[in-house]
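*Asks:* quick one, what's the 3D model for this:
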Amino acid sequence: MFMKIPKQIKIGGLWYEVKTSDYMKSGPNCYGEIDSLDLTINIRNNIHEEMQKQALLHEIIHGILDNAGYDEQDEKLVQAISYGLIQVITDNPYVFVNTAETEVK
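*Replies:* Purely as a prediction, here's the structure:
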């Protein structure tokens, strides 16, 4: 897949720092977490790169919902959307190619 893990990502007008770690506050079965107060996304570093990308997209969806005022979020729904989007992006990369000469941070 063409997506790479950036050091920063902008969600809803706010820049989030993206970190990788082998420790998640939410526990050992968690692949990523977002902190909307500290503006950080933490992705587990000891999982396959493809799972890291899915975890990043999953946390981005949480960030979008949080910015939209959804305090209560259905984890199964976020999971379904993130897996569905990863598949669409992976299977149709030509749709998501950035033709502008911009640099990923």
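
*Asks:* is it fair to say Tyr23 lies in a helix?
*Replies:* No. Assignment of Tyr23 by DSSP: H, G, I helix; E, B strand; the rest coil gives coil, placing it outside any helix.

*Asks:* any idea how far Val95 is from it?
*Replies:* Distance of Tyr23 to Val95, computed by C-beta to C-beta, to the nearest Å: 36 Å. All C-beta atoms are positioned from the backbone trio N, CA, C, and that covers glycine.

*Asks:* between these two, point out the one with more neighbours.
*Replies:* For Tyr23 and Val95, the more surrounded residue by other C-beta atoms under 10 Å is Tyr23, and the numbers stand at 11 against 8.

*Asks:* how many other residues sit next to Glu17?
*Replies:* Applying the criterion other C-beta under 10 Å, we find 14 residues in the vicinity of Glu17.

*Asks:* so what's Leu65 closest to, chain neighbours aside?
*Replies:* Setting aside the residues directly before and after it, Leu65 is nearest to Gln73 in space (C-beta to C-beta, 6 or more residues apart in numbering), at 5.3 Å.

*Asks:* once you drop chain neighbours, what's closest to Ile61?
*Replies:* Val78 (5.1 Å).

*Asks:* quick one: the one you found is in a helix?
*Replies:* Yes. According to three-state DSSP, Val78 belongs to a helix.

*Asks:* switch to numbering from 810
*Replies:* Sure, I'll start numbering at 810, so the last one becomes Val887.

*Asks:* for it, which residues are in contact?
*Replies:* Taking C-beta atoms under 8 Å, 6 or more residues apart in numbering as the definition of contact, the neighbours of Val887 are His867, Ile870, His871, Leu874.
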